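Enquirer: Predicted model and sequence follow; I will ask about them next.
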Amino acid sequence: MALTIKEVEHVAQLARLNLTEEEKIKFTEQLSSILNYADTLKAIPTEGIEPLTHILPINNVFREDQPGPSMDREEILANAPLAEDYQYKVPKIM
Amino acid sequence: MELHELTVHELQELLAGGKTSSEEIVKSLLARIDAVEGEVKSFITLTGEQALDKARRVDAKGNYQGIAGIPMGLKDNICTRGIKTTCGSRMLADFVPPYESTVSSRLDQHDSILMGKLNMDEFAMGSSTENSAFFPTRNPWDLTKVPGGSSGGSAAAVAAGQIPFSLGSDTGGSIRQPAAYCGVVGMKPTYGRVSRWGVVAYASSLDQVGVLSKDVRDNAMIMQIIAGHDPLDSNCVSLAVPDYTAGLDGSVKGMRIAYPREYFGAGVDESIRVLIMQALKKYEELGAIVEEVSLPHSEYALPAYYLVGPAEASANLACFDGVRFGYRDQTAENVVDMFSLTRAHGFGDEVKRRIMLGTYALSSGYYDAYYLKALKVRRLIAEDFAKVFNDYDIIAAPTTPTTAFALGEQSGDLLTIYMNDILTVPVNMAGLPGMSIPCGFAGGLPVGMQIIGKAFDEATIYKAAYAFEQNTDFHTIKPQLGVK
Amino acid sequence: MSTGYEVVVGLEVHAELKTQTKIFCSCSTAFGAEPNRQTCPICSGFPGMLPVLNRHVVELAIRAGLALNCEIPPMCKFDRKNYFYPDLPHGYQVSQFDFPVCKRGYVDIDVKGQKKRVGVTRAHMEEDAGKLVHQGDITTTPFSLVDLNRSGMPLLEIVSEPDMRSAQEARAYLEKLRSMLLFAGVSDCKMQEGSLRCDANVSVRPFGQQEYGTRCEIKNLNSFRALERAIEYEAKRHMEALEDGIEIIQETRTWDEEKQVTRSMRSKEEAHDYRYFPEPDLPPLFISREWVDEVRAALPEMPEQAQQRLAEVYGLPDYDAAFLTLTPETLDFFDRCMQDYPDAKTISNWMMGEFSRLLNQNNLEIGDSRLTPDHLVQMLRLVDDGTISGKMAKTVFEEMFNSGQKPQEVIKEKGLVQISDADTLQPLIEDIVKANPKVVEDYKSGKGKAMGFFVGQIMKATKGQANPALVNELLKKTLDDI
C-alpha cells in the first residue's frame, strides 16, 4: 500500500508530529514499504475469526472504592517543564 | 575466578559462607565496569555511590537471604524513584520518576543492589540498541557488532560481567534476541505473569518484563521474585507462582519437544539451523521426544505485530506532550505547536515511524483492514500454538535468523531490521513464555536456542533449559573482553 | 416564522458518579480541593502507570441503567478515545465505544399534561478530563493552567434518542433524568458544580420528512433555562438558514449566556478521528444476571413509584406528588413527617409553601436546612391543640427555619403562645368595644365590616396572639349583650 505525502501529513497531524519536508518524503517511502509488507495479511482468510483483543482469559478485575493518598502536588509538579500556582502552565490554546 | 565472573548462585554461596561481602562484590563490579564500559557502553546511568551505600547496609544486616547483597541492573524503561529513567530517549533525558516500578521494588525489598540503568532502543523500539538517543551499546563478543535490542544494555552488561543479572523488557523479542546475540540466558514470561506497573509502556498487550542472566538457575531464581500478582496491574494474574528452581534436576526424560518447520526456513542462517538441530539431538539423547510440527501462520506474525504494536504504542506515547514532564519545546506560541514540536524533537525516527504507522492503522477507513485484521491474525497465531501444545510440552527453535550484525550494517533497511524479530514476535503475539539460551557459536558469535512454553508453564521451560545447559558447556564460555 | 419545520433534539448528559475515589485510581473525588491536590501519577498520565477499575463505578452505572429502564448486556469493555488536549493527560480518554454498560432505556416525561416516552440509546462509563483555566477568554489568553483534580473522575454518559421535539420537552427530559439519577443515588447532579453536564444536538427538518436535517452540537449549557433558550435559538437559526437557502454546517457550537446566542467553536483543526480501539490495560467486564438482580433489588424507590405511592396511600394530588418527588431529600422529609403525623395534605402544603419559599430565598437545599421533620410535626401539633394560632404558625416556622430551634423553644422565647384564656381576653374586648361606639352602631345596623374591625383591633392589641375563634365568640357575645 503506497502512501501519498498528503496521507503522511494527515497522519502526522493526527499524531501531533511536526515533520520537515525532507522527513515527509522519507517517511512516506518508509511507511509505504512497511504497509506493503503488512498487506501480506490480506492473503489470509479471516471470515468468522474473532479479533484477539485481550490475550488473557480474565475479566472483572476491580479495586474497592477506598480512598488512598494522592501524591503531594509539589512532588508531582517537580517534573513539570513549566508550572504556576500549582498548575501545569501551557501556551495558549488557539 | 574474579567476582565479576560469578553467577548469582555462586555469589550467594560466597556471601552465605562469609567468604565475601556485598561491598566487595559491588567494588569488584564497579572496577569491571570501569575497565570495560568505555568499550561496551551498557549503562545510561551508573549508581555506584548508592550501590555501595546499600551494600554496606546489607552487610551490616548480615543476613544474606536469597539475593540480598547481589547487584543487578535495570533496563532504562523501568521506573526507579529518584533515579533518572530515560527510556533511551531525548524526551525523557532528565525525567526522574516520583514512583518505583513493582518489579524493581520487589528486587529492592529482597535487598538486591541496583548498579545502574541500562541502555536500550528508544522506547523499546528496535533490535540493535542503535536507536538509543544517546549512544549505541556494543556486543562484548565483538565490539563492532550490535548487542541486539531493545534490551541491548541489559544483555551486554551481563555478558560483559558488569552485573550478574538484569531486567529487560520484551515486546517482540527484546529480551530473547539480545540474549541470543550476547550469549546469555534471557526469559520473557507469559503475558500477565509479571507486573508492568512502573514500566514505560510500548505495546500494552505485548510488553513483559523478564530476566537476563548468566545461567538458567539464576534466571529461575530472579523470575521467582519478580513474578506474581500485582493489584496495580489489572492484567497481572493472581495465579500462584510455582517454585521455578524445584524442577531443575537436569531431567527431560519423556518430555515432548516440538520444533516448527517454519522456523527453520531459508531466512535462517544455515549455521544456526545446524546448531539448533544439534541441540535437538542432544535433547533426544537425554530422553526427550523430539518431533517436527507446523505453525502455519508463522510468517504473518511479523506483519501483524507491526500493526498491533505500533497501534497501541501510538496511544501509549501520546502522554509525551510536553505538558507535565519530560522535554518541552520552548519556542511554540500555542499548544498545538508545542505538542508537535515537542514530539518532533523529543522522539527519534523509529519512534515517529511506529507512532505514525499505528495512527494510520487505527484511523478512520483503515481500522478494519489493518488493526482489526491484525487482531484476527493474532488469534490464528495463538491457535496455532495452542494446537501444538495439546500434544507437546515445549517448542524449540532458533531465537534469531542470524548472529549479531555489525553496527550500522542494517541502517536504513527497515524491513531487514524488522526481520531480526521474525522468530520471537509470534511468542508475544500469542502471549506465551519464551526463553533464549546459548547453544553454540557461529563465526565466533553466540547463537541462541529459543524454548517456548505453554501459558504460565515457565517451570517446564526452566526445566528443559537447565537440562540442556547442564549437559553442554556453552554457558561457561565468556567473551574475551578487557583481556589485554 | 417557523411552522412547516419541526425541531429534533437529542441530549447527551454526563453525570459524575458519586464514588469516593476516581475511576482508575484511589485519589479522592471530593469537590472543591485546591489545584492538583487530588492527583497521582495514574490520573496525571505519567509513564508506566496503569488503570485499575473502581468496582463501585460499575455498580452505580448498572444502578443508573436500571433506573433508566435500560438493558444491561452481559459483556462490556473499555476503549481508548484518542485525541490531544492539555487537560487530557494520557492523550486518550478511557471510555466505552461499541460495548457500553447500558443500552435501550427510556425516560417518561410530561409537558403540560402531554406524556411522552423519550428513548435512552445508551449509557457508558468514562473518565473525566482535567480542567483548563484561562486568564480571561479562551480565545485571547496568552497561556492556560491545567488542574488535574478532575482528571479520572468517573462519569456516566447518557445519550438520548433524538426523540424530543421542543425545547420544553428537552427541559422536561433533563429534569426528569436528573430526578431519576438523584433518586437512584448515583450522582449529586449539581449543574453548578459540574456533576451534571448537558450537551444538546439540535437539527430541524420539514414536517413529514423522514431524513434528519444537519445537526449541531451545543455545549456550555449550565442551567435548565440555558438549555431551553439555546435550543430555541438554535432551532430558529436553522429554520432561518433553511428559509434563506443557506446550508447549515455540521459543527459544535457554544452557548453564550451573556449574549443569548450560540457561537461556532470551529477552529482551524479538522474534525476529530478518535481512532477508538479496545483498552488493552483493562480486562472486559462480564456482568452476571445475579449481579444485575442484586442491584435491581437494592434500587431505591424511583420518582414515578413514589408519586404513585403518594397518590394511593395519601390521596395527594398530582401536583403535590410531583413536587414532593423532585428530590429524594424532599421525599424523605415528607415521609419522615408522615411517620408521626396523619395529615399528608397539611405537610405537603407547608413544604410546597413556606418551606420552599424560605429555602429558595436563602439559596438552600432541603438537606442544608436546620428545620427537621420533627420540628414541623411538633409545630403542627401545637396548632392543632390550640397552643398557637394558625396565623402564628407562619412566624414560628420561619423562626425555626432560621434558628434551628424546636417550636416550643421558639414560642417560649418569642412569647408567641396563643391567648386562649377568656379572662385575659374579655377585658381587652370590652375596652376596645367601649372605645369605639360608632363601630358598635355599625355592628348593630348590620354592617359586616364592623366585626372584622374589632377582631383586627383585638389582634393588634394582643400582637396577634389572641385565639381567633375565642375572640370571635367572646366578641359576638359582648356586642350582642350591649
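Expert: Looks like it came in fine. Numbers count the residues shown, from 1 in each chain, chains lettered A, B, ... in the order given.

Enquirer: Residues of chain A that sit close to chain C?
Expert: Proximity of chain A to chain C, by CB under 8 Å from any CB of the partner chain, involves residues A:13-14, A:16, A:53-54, A:56, A:58-71, A:73, A:76-77, A:84-94. All C-beta atoms are positioned from the backbone trio N, CA, C, and that covers glycine.

Enquirer: out of the residues you listed, which are inside strands?
Expert: Counting by DSSP state E, the part of the residues of chain A next to chain C found in strands is A:62, A:63, A:84, A:87, A:88, A:89, A:90, A:91.

Enquirer: I'd like to know how many residues surround the nearest residue to residue C:231 once chain neighbours are set aside.
Expert: Closest residue in space to residue C:231, ignoring its immediate chain neighbours: residue C:167 at 3.9 Å, by CB to CB, 6 or more residues apart in numbering or on different chains. Residue C:167 has 21 neighbours, counted by other CB atoms under 10 Å in any protein chain shown.

Enquirer: mind listing what residue C:167 touches?
Expert: Residues near residue C:167 by CB atoms under 8 Å, 6 or more residues apart in numbering or on different chains: C:7, C:9, C:227, C:228, C:229, C:231, C:232, C:235.

Enquirer: Give me the pLDDT value at the nearest residue to residue B:118 once chain neighbours are set aside.
Expert: Take residue B:118 and drop its neighbours on the chain: the residue closest to it by CB to CB, 6+ apart is residue B:153, 3.3 Å away. On pLDDT, residue B:153 comes in at 98.

Enquirer: and if you look at the one 3 residues further on?
Expert: Residue B:156 carries a pLDDT value of 98.

Enquirer: you'd agree it is up against residue B:142?
Expert: No. Residue B:156 lies out of contact with residue B:142 (CB atoms under 8 Å); the separation is 11.5 Å.

Enquirer: With neighbour numbers in mind, choose between those two.
Expert: Taking neighbours as other CB under 10 Å, residue B:156 and residue B:142 compare with residue B:156 leading, 34 against 21.

Enquirer: a helix runs through that one, doesn't it?
Expert: Yes. Judged by DSSP: H, G, I helix; E, B strand; the rest coil, residue B:156 forms part of a helix.

Enquirer: Show the contacting residues for it.
Expert: Contacts of residue B:156 by CB under 8 Å, 6+ apart are B:40, B:42, B:119, B:129, B:137, B:138, B:139, B:140, B:147, B:162, B:178, B:182.

Enquirer: likewise residue C:34?
Expert: By CB under 8 Å, 6+ apart, the residues touching residue C:34 are residue A:86.

Enquirer: Assign a three-state SS to it, would you?
Expert: Under three-state DSSP, residue C:34 falls in the coil class.

Enquirer: for chain A, which spans come out with low pLDDT?
Expert: Chain A contains residues with pLDDT under 70 at A:1.

Enquirer: tell me the phi and psi of the residue most central in space within it?
Expert: Among the residues of chain A, the one closest to the centroid is residue A:15, at 6.9 Å (CA atoms, centre = their mean). Reported as degrees, to the nearest 10, the phi and psi values for residue A:15 are phi -90, psi 0.

Enquirer: can you check residue B:185 too?
Expert: phi -90, psi 130.

Enquirer: For the residue in the stretch 101-250 of chain C that chain B sits nearest to, what is the enclosing helix or strand?
Expert: Chain B sits closest to residue C:146 of the stretch 101-250 of chain C, with a gap of 6.5 Å, by CB to the nearest CB. Following DSSP states H and E, one finds residue C:146 within strand C:143-147.

Enquirer: So which other helices or strands are in contact with whichever helix or strand comes after that strand?
Expert: Downstream of strand C:143-147, the next assigned helix or strand under DSSP H and E is strand C:154-160. Judged by 3 or more CB pairs under 8 Å, 6 or more residues apart in numbering or on different chains; DSSP states H and E, strand C:154-160 is in contact with strand C:5-16, helix C:55-67, strand C:114-127.

Enquirer: Output these as CSV; include the columns mean neighbour count, distance to chain A and mean pLDDT.
Expert: Supplementary listing: these in CSV, determined by neighbours: other CB atoms under 10 Å in any protein chain shown; distance: least, CB to the nearest CB, whole Å; pLDDT from 0 to 100:
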stretch, mean neighbour count, distance to chain A, mean pLDDT
strand C:5-16, 22, 14, 97
helix C:55-67, 24, 4, 98
strand C:114-127, 19, 13, 97
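
Enquirer: Now tabulate the ones you listed in CSV and tack on distance to residue C:474.
Expert: Listed next are the helices and strands packed on strand C:154-160 as CSV, based on distance: least, CB to CB, whole Å:
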stretch, distance to residue C:474
strand C:5-16, 61
helix C:55-67, 58
strand C:114-127, 54
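
Enquirer: which stretch among those comes nearest residue C:187?
Expert: Of all the helices and strands packed on strand C:154-160, strand C:5-16 sits nearest to residue C:187, with 4.2 Å by CB to CB.

Enquirer: ok, how many other residues are close to the closest residue to chain C within chain B?
Expert: In chain B, the residue that lies nearest chain C is residue B:318 (2.4 Å; CB to the nearest CB). Residues lying near residue B:318 (other CB under 10 Å) number 24.

Enquirer: Model confidence for it, exactly?
Expert: Looking at residue B:318, its pLDDT is 98.

Enquirer: Could you pull up the contacting residues of it?
Expert: For residue B:318, counting by CB under 8 Å, 6+ apart, the contacting residues are C:82, C:84, C:90, C:91, C:92.

Enquirer: again with residue A:2
Expert: By CB under 8 Å, 6+ apart, residue A:2 lies in contact with A:32, A:35, A:36.

Enquirer: at 10 Å instead, please
Expert: Residues near residue A:2 by CB atoms under 10 Å, 6 or more residues apart in numbering or on different chains: A:28, A:29, A:31, A:32, A:33, A:35, A:36.

Enquirer: Most neighbours of all these, which one?
Expert: That'd be residue A:31 among the contacts of residue A:2, by other CB under 10 Å, with 23 neighbours.

Enquirer: For burial, what's the neighbour tally of the closest residue to that residue other than its chain neighbours?
Expert: Distances taken as CB to CB, 6+ apart put residue A:3 closest to residue A:31, at 5.4 Å, once the chain neighbours are dropped. Neighbourhood size, residue A:3 [other CB under 10 Å]: 21.

Enquirer: hang on, the earlier thing: are any of the ones in strands among the residues of chain A next to chain C buried, and which?
Expert: Neighbour counting over those (16 or more other CB atoms under 10 Å in any protein chain shown) leaves A:62, A:63, A:87, A:88, A:89, A:90, A:91 as the buried ones.

Enquirer: Between all of those residues, which two are separated the most?
Expert: Pairwise distances among these were taken by CB to CB; the largest, 39.6 Å, belongs to A:62 and A:91.

Enquirer: any weak-confidence spans in the stretch 1-150 of chain C?
Expert: Along the stretch 1-150 of chain C, the parts satisfying pLDDT under 70 run over C:1-3.

Enquirer: Which one of the residues in it is closest to chain B?
Expert: For the stretch 1-150 of chain C, CB to the nearest CB, closest residue to chain B: residue C:91, 2.4 Å.
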